[in-house]
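In: fold the following, please.
(4 chains, ligands or ions: 6)
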Amino acid sequence: MKKLINDPRAVVAESVEGFGLAHAALVTVSTDPLFITRNNVPTAGKVGLVSGGGSGHEPLHAGFVGLGMLDAAVPGAVFTSPTPDQILPAALAADSGAGVVLIVKNYTGDVLNFETAAELAEAEGVDVRTVIVNDDVAVEDSLYTAGRRGVAGAVLVEKIAGAAAERGDGLDAVAAMGNRVNSNVRTMGVALAACTVPHAGTPSFDLAENEIEFGVGVHGEPGRHRMAMEDADGITDRLLDAVLGDLGIAAGEKVLLFVNGMGGTPLSELYIVYRHAAQVLAGRGAAVERSLVGNYVTALDMQGCSISVLRLDDELTRLWDAPVNTAALRWGV
Amino acid sequence: MKKLINDPRAVVAESVEGFGLAHAALVTVSTDPLFITRNNVPTAGKVGLVSGGGSGHEPLHAGFVGLGMLDAAVPGAVFTSPTPDQILPAALAADSGAGVVLIVKNYTGDVLNFETAAELAEAEGVDVRTVIVNDDVAVEDSLYTAGRRGVAGAVLVEKIAGAAAERGDGLDAVAAMGNRVNSNVRTMGVALAACTVPHAGTPSFDLAENEIEFGVGVHGEPGRHRMAMEDADGITDRLLDAVLGDLGIAAGEKVLLFVNGMGGTPLSELYIVYRHAAQVLAGRGAAVERSLVGNYVTALDMQGCSISVLRLDDELTRLWDAPVNTAALRWGV
Amino acid sequence: MLDVNWTIKWLTLCAQAMAENRLYLIELDRAIGDSDHGENMDRGFQAVLEKLAEVRPETPGAALKLTAMTLMSKVGGAAGPLYGTAFLRASTAVGDAAEVDPAAWAKALVAARDGIVARGKAESGDKTMVDAWTPAAEAGQAAAAHGAGNVLEVLVAAAEAAEAGAIATDPLVARKGRASYLGERSAGHRDPGAASSALILRAAVEAAA
Amino acid sequence: MLDVNWTIKWLTLCAQAMAENRLYLIELDRAIGDSDHGENMDRGFQAVLEKLAEVRPETPGAALKLTAMTLMSKVGGAAGPLYGTAFLRASTAVGDAAEVDPAAWAKALVAARDGIVARGKAESGDKTMVDAWTPAAEAGQAAAAHGAGNVLEVLVAAAEAAEAGAIATDPLVARKGRASYLGERSAGHRDPGAASSALILRAAVEAAA
Ligand SMILES: Nc1ncnc2c1ncn2[C@@H]1O[C@H](COP(=O)(O)OP(=O)(O)O)[C@@H](O)[C@H]1O
Ligand SMILES: Nc1ncnc2c1ncn2[C@@H]1O[C@H](COP(=O)(O)OP(=O)(O)O)[C@@H](O)[C@H]1O
Ligand SMILES: [Mg+2]
Ligand SMILES: [Mg+2]
Ligand SMILES: [Mg+2]
Ligand SMILES: [Mg+2]
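Out: Ligands and ions are numbered 1, 2, ... in the order given. Next comes the predicted model:
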């Protein structure tokens, strides 16, 4: 394992410190406990948006703190959800009195830690709503499982709920908007090569030269199944089939197409995937109205990508287009 | 080699096609010959800015086509400069009559091909100036060598010269601004792992688990020397020493600090490098006024980074801050 | 009888076990999770040690509460809240007694297990730490009922049952936690949380030896 | 005498040589460059073949010019403009004669070499294709002067000199092109462009055989 790090146990703290230095005009870093807030939080009258999760998914979530998106982000250790004693002060900082929406990716650890933090925040008089993101169609959703994971769709939830909060929507409306995005987005991912967690030192799984992991999440966990390597168009077909099979996009519907890199795959390859995905969607009569291509929800240096499709309506499109000013996503300002 | 590609020989064409589909609101792709133009080029009265080079460095250069930056980008085969028959029509398209500035990274191939294209464009009545970017301090500059390479500094040249063109500067002034940025920026890079060129199929060089290549460029070529792996702060010290040793930043000077990823290194690690670089600069009394951290000038999936420092003055800062609207860099609009 | 010294020794041995088994637990989690369980547990119990060096709790219950709060704020992931709840419920169960008798300890084990189930909603056979804690709590209760006052018997019964329970997770298909994403592929691997639970209950025996 | 059929055969054999040696040239470029020379040359000469299938040039000069323009527009990198200029200058040197005699061919080789030097500004010993073309042009001239009309002698002399020149680049430290960035580390490797130049001049012999 070769990484641009110092002490493997200081990776998150040092990385967030660097992030704070690079984006001092946007964010403030609290170091103990560790969390990141948008400068000048809370915004008077605005519902606060807080997200977080294990580190290793950068730019998620800190890269989305700023106008029109998150008020605070809470990074855990690598691939480990943050703890309530980090989440609570972040939520308190984000609250202007209008309440706070917690955006939580659906993993047992994240759910439990945010749940505790929510209780503690409510005990301190903060109105809290929680939006659970669970867009990953690789995982079966049932009462008897941990349910679907939250993956790349989190970015879309944070952007659109963030825009709703920014335009002045109330607490329930912002949470409802987050849930609306979540129920209209599905994601499927693939890995060509595993990532290496700094404290573990070896790749999370081993793939032969002709193998890929299909249905991976963003924690370097093995995927749904292992299969033979295919070309980009073939892989794109499979990812998109899984997404559309679950989401059920009909001809004439408008969508946002999001090709997300896992961290170690060149941007040029993501565009090759985007190309075919856009062609297939067009072939099915869907209108790709908005796009996002890049490394937004990563798994360290994992090679691979995910495809997300979000069903758009006029309001979602308007909120997607609304100004955003964060380290990783910026327009209109 | 596992990559999200179809035919290795179609990589560039398909990737650019995907890029065009994803950013249709910004750019138009010409497929034969292959080049990318900002929508509605030329802008009446504005000096045209054209850059290009081998592919594999994405988002460079196509990702910087748009308002406030390039009017056209010309992608060659992977790591191979484009040919005059691509560059010429791109230059013609970018010319509003105010002339065209070609921004060329200093490699023999790029220089020769752009030189030929410039001659052909002038023969067709276009006023052409060429700005050669050669910011890489890893390479000795002398009359008897190919001279220093152009690497990550190209982004800064394109941004600031682009802003100068956008505000209405004339042909010579835009070229002079490009040269001014180039003479005030220096870059040094390191690789932890080599990239794999699609048509070659094997990594460009082999590094042992405890070795790094110091002074690499962005073409997967071996670097200036191979050395033992160090921690992030140690590597950062060496990169910055090389940059500052050549650039000579004095206490009190203002700088832009740019930590560029080579493509395969997680963003979190780039921020660890940024952290220490910013601390060292602060320790030397320099004021880091602007920052850029991310994968902007890559070498496919190479792991590693480069550090660039640009000496700022008020005008350069103003032009850096001016609105830009491209796929990879956007603010103020 | 289990007093505060035993409790502190136990927690110290837990920290030692987590440090020694850090890579083992990472390896288990690498197979069916995200390679962090050993790191999380090691970080958490090192923090417990640091806390114990600062404040010396006066009762077993106080030591368990301090452990609960520390694990909750330092472990993160799924294991943090689950172990945090387990230690918190155990602390409540033993109250502020200076010494805990076998029956009370067996009740504390049941309370810990119930806390884990209440938070995580896993059932026996879901391939989680519950599969170590449920047999441990039951064996502890049985030993306390039979053994008439021999605390070591209770501790040994719980540890052995937890170890057997952890081993018994090997063939299971996970239905809760991260391993459940693997579906059938999770079979053939030991659950990391069940393994760390067994280590914790084994340390309890050693602390009393 | 070298006529248009020989020229076309030569170019066809060049294309074949580049396809066969694609990986060899990539490997040479991998060591001291960016792993693309074989790919570039193969792409370029395949395009020449395609062009030759569309338009049948009527003179050696026309075939050389078509080659020059095609390489210029399909090869890219450093090699594209350099080979493009070489073929263009050779084309100008042979003019529109239907057949090229040994002396004219030797002059064409000199013109090609001069074109490469004019574009690339490399000197002998800089570890570039010039190190193949300069000895080739000189040997060709010498053979034309001695050999009194035997065209094969000129072609063979040039090919052998180019091959020796390519081999002689092995110990050199590069001062031009991408290999120069490696400094001393470029020594011990053959220059890819010198190697492809030798292949091209060897194909000229085979076309006349
Ligand atoms: N719902 C649950 N109920 C009980 N235990 C659980 C549950 N989910 C996960 N676990 C336990 O947590 C362990 C994983 O802990 P850890 O790796 O530290 O957290 P994470 O899964 O968040 O990375 C699993 O091995 C399992 O024993
Ligand atoms: N200035 C120069 N003069 C002559 N030949 C050169 C010069 N620079 C490079 N070359 C030749 O070009 C070859 C490299 O070609 P190629 O790999 O196709 O292009 P690039 O270096 O742009 O990747 C070198 O091996 C060398 O022979
Ligand atoms: Mg985890
Ligand atoms: Mg090249
Ligand atoms: Mg885990
Ligand atoms: Mg090359």
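In: list the contacts for A:T80?
Out: Going by CB atoms under 8 Å, 6 or more residues apart in numbering or on different chains, A:T80 touches A:G54, A:S55, A:G109, C:D36, C:E39, C:N40, C:V75, C:G76, C:G77. Placement of C-beta: from N, CA and C, glycine included.
In: which element is it on?
Out: Under the criterion DSSP states H and E, no helix or strand holds A:T80.
In: so who does the residue in the stretch 51-200 of chain A positioned nearest to ligand 4 touch?
Out: Ligand 4 sits closest to A:L192 of the stretch 51-200 of chain A, with a gap of 25.0 Å, by CB to the ion. By CB under 8 Å, 6+ apart, the residues touching A:L192 are A:L207, A:I212, A:M229, A:T265, A:Q303, A:G304, B:K2, B:K3, B:L4.
In: the residues you listed in strands, which ones?
Out: A:I212, A:Q303, A:G304 (DSSP state E).
In: of these - the most surrounded one?
Out: Neighbour counts for those, by other CB atoms under 10 Å in any protein chain shown, peak at A:G304, which reaches 30 neighbours.
In: hmm, A:M188 and that one touching each other?
Out: No. Taking contacts as CB atoms under 8 Å, A:G304 lies outside contact range of A:M188: 11.0 Å.
In: just for the chain, where's the confidence low?
Out: You didn't say which chain, so I picked chain A. In the predicted model, chain A carries pLDDT under 70 at residues A:141-144.
In: that's the other chain; I wanted chain C
Out: C:147-149.
In: ligand 3 contacts on that one?
Out: Residues of chain C that fall close to ligand 3, judged by CB under 5 Å from the ion: C:D34, C:D36, C:G77.
In: export the residues you listed to CSV and append columns for distance to ligand 2, neighbour count and secondary structure.
Out: Shown next, in CSV, are the residues of chain C next to ligand 3 (distance: CB to the nearest ligand atom, whole Å; neighbours: other CB atoms under 10 Å in any protein chain shown; DSSP: H, G, I helix; E, B strand; the rest coil):
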residue, distance to ligand 2, neighbour count, secondary structure
C:D34, 41, 30, coil
C:D36, 43, 32, coil
C:G77, 48, 33, coil
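In: from one end of stretch A:307-316 to the other, what's the distance?
Out: 19 Å (CA to CA, to the nearest Å).
In: got the contact list for it?
Out: Counting by CB under 8 Å, 6+ apart, A:135, A:151-153, A:156, A:160, A:180-181, A:184-189, A:236, A:239-240, A:243-244, A:247, A:249, A:253-260, A:273, A:277, A:281, A:289-290, A:320 sit against stretch A:307-316.
In: can we see that at 7 Å?
Out: A:135, A:152-153, A:156, A:160, A:181, A:184-188, A:239-240, A:243-244, A:247, A:249, A:253-260, A:273, A:277, A:289-290 (CB atoms under 7 Å, 6 or more residues apart in numbering or on different chains).
In: any of those buried? List them.
Out: A:135, A:152-153, A:156, A:160, A:181, A:184-188, A:239-240, A:243-244, A:247, A:249, A:253-260, A:273, A:277, A:290 (16 or more other CB atoms under 10 Å in any protein chain shown).
In: can you flag which of these belong to strands?
Out: Within those, residues falling in strands by DSSP E are A:V185, A:R186, A:T187, A:M188, A:K254, A:V255, A:L256, A:L257, A:F258, A:V259, A:N260, A:R290.
In: any residue of stretch C:161-177 touching chain A?
Out: Yes. Stretch C:161-177 reaches chain A (CB under 7 Å from any CB of the partner chain) through C:R175, C:K176, C:G177.
In: mind checking the end-to-end distance for that stretch?
Out: Across its full length, stretch C:161-177 reaches 22 Å between end residues, using CA to CA.
In: about what we covered before: I'd like to know which of the ones in strands among the contacts of A:L192 is nearest to D:A168.
Out: For the ones in strands among the contacts of A:L192, the minimum distance to D:A168 (CB to CB) is 42.0 Å, reached by A:Q303.
In: stretch A:205-222: which residues count as buried?
Out: The neighbour-count check on stretch A:205-222 (16+ other CB under 10 Å) flags A:205, A:207, A:211-222 as buried.
In: so which of those residues sit within strands?
Out: Among the buried residues of stretch A:205-222, the residues falling in strands (DSSP E) are A:E211, A:I212, A:E213, A:F214.
In: kindly reformat the contacts of A:L192 as a markdown table containing distance to chain D.
Out: Shown next, in a markdown table, are those (distance: CB to the nearest CB, whole Å):
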| residue | distance to chain D |
| --- | --- |
| A:L207 | 24 |
| A:I212 | 24 |
| A:M229 | 21 |
| A:T265 | 19 |
| A:Q303 | 19 |
| A:G304 | 24 |
| B:K2 | 17 |
| B:K3 | 14 |
| B:L4 | 20 |
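In: and residue 55, how many residues sit next to it?
Out: Picking chain A for this. Using other CB under 10 Å, A:S55 has 26 other residues around it.
In: nope, chain C please
Out: If we define neighbours as other CB under 10 Å, then C:V55 has 10 of them.
In: what's near enough to touch residue 170?
Out: All of this is about chain A. Applying CB under 7 Å, 6+ apart, the residues near A:G170 are A:V47.
In: look at chain C instead
Out: Contacts for C:D170 (CB under 7 Å, 6+ apart) come out as C:G188, C:H189, C:R190.
In: now it: how far from ligand 4?
Out: When distance is defined by CB to the ion, to the nearest Å, C:D170 is 53 Å away from ligand 4.
In: quick one, phi psi at that residue?
Out: When read as degrees, to the nearest 10, the backbone of C:D170 gives phi -50, psi -50.
In: the one 4 residues further on now?
Out: As for C:A174, its main-chain torsions (degrees, to the nearest 10) stand at phi -70, psi 140.
In: how many neighbours does it have?
Out: Residues near C:A174, counting by other CB under 10 Å, number 27.
In: pick the one among the ones in strands among the buried residues of stretch A:205-222 closest to D:I8.
Out: Closest approach between those and D:I8, by CB to CB: A:I212, at 46.0 Å.
In: what strand or helix carries C:V205?
Out: helix C:192-208.
In: quick check, that helix touching chain A?
Out: No. Counting by CB under 7 Å from any CB, no contacts exist between helix C:192-208 and chain A, the nearest distance being 10.3 Å.
In: mind listing the helices in chain C by residue range?
Out: Remark: helices of chain C, listed N- to C-terminal, are C:4-20, C:22-32, C:37-54, C:60-74, C:79-94, C:102-120, C:130-147, C:151-167, C:192-208; assignment by DSSP state H.
In: tabulate those helices (JSON lines), appending mean neighbour count.
Out: Listed next are the helices of chain C as JSON lines, based on neighbours: other CB atoms under 10 Å in any protein chain shown:
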{"stretch": "helix C:4-20", "mean neighbour count": "19"}
{"stretch": "helix C:22-32", "mean neighbour count": "23"}
{"stretch": "helix C:37-54", "mean neighbour count": "21"}
{"stretch": "helix C:60-74", "mean neighbour count": "23"}
{"stretch": "helix C:79-94", "mean neighbour count": "25"}
{"stretch": "helix C:102-120", "mean neighbour count": "22"}
{"stretch": "helix C:130-147", "mean neighbour count": "23"}
{"stretch": "helix C:151-167", "mean neighbour count": "23"}
{"stretch": "helix C:192-208", "mean neighbour count": "25"}
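In: ok, which of these comes nearest chain D?
Out: Across those, chain D has its closest neighbour in helix C:22-32 (34.0 Å, CB to the nearest CB).
In: quick one on the thing from earlier: could you dump the helices of chain C to a markdown table with distance to chain B?
Out: A markdown table is the format used below for the helices of chain C (distance: least, CB to the nearest CB, whole Å):
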| stretch | distance to chain B |
| --- | --- |
| helix C:4-20 | 23 |
| helix C:22-32 | 18 |
| helix C:37-54 | 16 |
| helix C:60-74 | 21 |
| helix C:79-94 | 21 |
| helix C:102-120 | 29 |
| helix C:130-147 | 34 |
| helix C:151-167 | 34 |
| helix C:192-208 | 24 |
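In: in CSV, list those helices along with distance to ligand 6.
Out: Output for those, formatted as CSV (distance: least, CB to the ion, whole Å):
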stretch, distance to ligand 6
helix C:4-20, 51
helix C:22-32, 40
helix C:37-54, 44
helix C:60-74, 52
helix C:79-94, 52
helix C:102-120, 57
helix C:130-147, 59
helix C:151-167, 57
helix C:192-208, 49
